[in-house]
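1. Just need the structure, nothing else, for what follows:
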Amino acid sequence: MKTSRQFYIVSADILPEAMVKTAQAKELLAKGEAETINQAVDRVELSRSAFYKYRDGIFPFYQERREQIVTLNMILDHRLGVLSGVINTIATVQGNILTINQSIPLQNMANVTLSLETAQMQVTVPELLECFLAIPGVLKVELVGQSI
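-> Numbers count the residues shown, from 1 in each chain. A predicted model of the protein is given here:
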């Protein structure tokens, strides 16, 4: 009988240390900063048995996957050119906007929700979020969802 896997989004600060270290070891391997599992687990001070126990069940939320869709929520200053700066940033990194919704600005702030296709992006999602925060007038950016 086949059982389906169920996933949850959980804050790292409530996870057992071994699970967090497993995610860190997987990241070292994915980035090429460790060539073997032994090197990765040694660097994060994790036993190999714990790594093998958790490796197929934990993934970074910002996992650098291609062909995914992310949804972002942003709070922008209601000033000329702020949203344009966000859109230009997405175009610069080769992101593809699928949907964009902006509420009517209240108290000089506008709520914007964007859905992006990241398959061709030249930066990771966390790097893109940092780019947005560097734009004058972008007050808040948060990732609210991503395809798995």
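2. ok, so what distance separates P16 from A119?
-> 34 Å (CB to CB, to the nearest Å). Just so you know, the C-beta spots here come from the backbone N, C-alpha and C atoms, and that holds for glycine as well.
3. ok, now L76?
-> 26 Å.
4. More neighbours: the two, which one.
-> L76 (23 against 13; other CB atoms under 10 Å).
5. so Q68 makes contact with M121?
-> No: with contacts counted by CB atoms under 8 Å, Q68 stays clear of M121, the gap being 9.7 Å.
6. ok, those two, which is more surrounded?
-> Neighbours were counted for Q68 and for M121 using other CB under 10 Å; M121 has more, 20 against 16.
7. Touching, that one and C131? I think so.
-> No: shown here, M121 and C131 do not form a contact pair, counting by CB under 8 Å, at 10.8 Å.
8. shared neighbours, these two?
-> The contact sets of M121 and C131 overlap at V93 (CB atoms under 8 Å, 6 or more residues apart in numbering).
9. What is the neighbour count of L72?
-> For L72, using other CB under 10 Å, the count is 22.
10. Tell me the buried residues in whichever strand or helix holds it?
-> Per DSSP states H and E, L72 falls inside strand 69-77. Using 16 or more other CB atoms under 10 Å as the test for burial, strand 69-77 gives V70, T71, L72, M74, L76, D77.
11. got the contact list for the helix or strand following it?
-> As assigned by DSSP H and E, the chain's next helix or strand after strand 69-77 is helix 82-92. Residues outside helix 82-92 that contact it (CB under 8 Å, 6+ apart): 74, 76, 96-97, 100, 102, 110, 112, 114, 116, 128, 131-132, 135-138.
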